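Asker: missing the sequence, but the structure's below:
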Ligand code: SF4
């Protein structure tokens, strides 16, 4: 695993758990609002955390923490993720995976082997804008496959969407929710991303932060916005059902 760093304690990343959150490096998407851009590609200044340092921390916190949230970047890009999860579980921690849903093969294996206690999958955009939002032409078909796998699994999961008011209309949110199967153990929570800059890119498309190829020469090179999220719960696809013990 290529790890960047960890947050020793989170009360919010893993519902119902006192958790530590570990961040992996590398992502196959290029979301314009990315909140962890330093983790998307490996650069000279990308922080590096060794597995041994992380597991030494987990050993010390046994009995005090009871969950580990693996986030990124995109954790499923790492070929040794299954072994990493297994090693965490062997220490007695529950495991939550945050994923962009782009690797149904890896996700499916982890679900089949009951290696995960919780999955949070980002649903990035309505179907019509999925490729553009993520910068990945295969993102929609991969996300749909991951949603099917989650719906068929017994693993507790939720879907999340970062809402950019400049780019999303209410109909977009409706279209995102319509991608989620009714009756599955899921509850879409939408994160409202607050961009403090007054003007979006003049082309008014998915390029709030990074100019895209369609923007043309007018597109400004915009600085990174501060990391601000607030949660807005928009209701449930179906009543949330806690996991069976
Ligand atoms: S999937 Fe997550 S880490 Fe990857 S670019 Fe999008 S917001 Fe950033």
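Answerer: It's in. Quick caveat, the model's predicted, so the values are computed rather than measured.
Asker: Do I have it right that residue 113 meets residue 82?
Answerer: Yes - shown here, residue 113 and residue 82 form a contact pair, counting by Cβ atoms under 8 Å, at 7.4 Å. For the C-beta atoms, the positions are set from N, CA and C on the backbone; glycine is no exception.
Asker: Who has more neighbours out of these two?
Answerer: residue 82 (15 against 11; other Cβ atoms under 10 Å).
Asker: which SS class is residue 7?
Answerer: Here residue 7 is recorded as strand under DSSP: H, G, I helix; E, B strand; the rest coil.
Asker: what's the spacing between it and residue 70?
Answerer: Using Cβ to Cβ, to the nearest Å, we find residue 7 at a distance of 12 Å from residue 70.
Asker: Name the residues contacting each of those two.
Answerer: Common contacts of residue 7 and residue 70 (Cβ atoms under 8 Å, 6 or more residues apart in numbering): residue 21.
Asker: Show me which of those two is the more surrounded one.
Answerer: Neighbour totals were compared for residue 7 and residue 70, and residue 70 leads with 27 against 13 (other Cβ under 10 Å).
Asker: For the chain, which segments are assigned as strands?
Answerer: For the chain, the strands defined by DSSP state E cover 3-10, 19-24, 67-71, 94-99, 118-122, 156-163, 189-193, 229-233.
Asker: and the ones you listed as a markdown table, adding mean pLDDT and distance to residue 61?
Answerer: Output for those, formatted as a markdown table (pLDDT from 0 to 100; distance: least, Cβ to Cβ, whole Å):
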| stretch | mean pLDDT | distance to residue 61 |
| --- | --- | --- |
| strand 3-10 | 96 | 8 |
| strand 19-24 | 98 | 7 |
| strand 67-71 | 98 | 10 |
| strand 94-99 | 98 | 13 |
| strand 118-122 | 94 | 19 |
| strand 156-163 | 85 | 23 |
| strand 189-193 | 50 | 27 |
| strand 229-233 | 33 | 26 |
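Asker: Please name whichever of those is nearest to the ligand.
Answerer: Closest to the ligand of the strands of the chain, according to Cβ to the nearest ligand atom: strand 118-122, at 6.1 Å.
Asker: now that closest one, how far from the chain's geometric center?
Answerer: Offset of strand 118-122 from its chain centre (Cα atoms, centre = their mean, to the nearest Å): 7 Å.
Asker: Could you pull up the contacting residues of the residue nearest to residue 17 when sequence neighbours are not counted?
Answerer: Spatially, and ignoring its direct neighbours in sequence, residue 17 is nearest to residue 67 (3.2 Å; Cβ to Cβ, 6 or more residues apart in numbering). Applying Cβ under 8 Å, 6+ apart to residue 67 gives the contacts 14, 17, 18, 19, 20, 93, 94, 95, 96, 117.
Asker: Apply the buried test to these and list what passes.
Answerer: Using 16 or more other Cβ atoms under 10 Å as the burial test, the contacts of residue 67 include 14, 17, 19, 20, 93, 94, 95, 96, 117 as buried.
Asker: any idea of the angle the longest helix along the chain forms with strand 156-163?
Answerer: Of all segments of type helix in the chain, defined using DSSP state H, the longest is helix 139-152. Angle of helix 139-152 versus strand 156-163, following axes from the mean of the first three to the mean of the last three Cα atoms, to 10 degrees, is 150 degrees.
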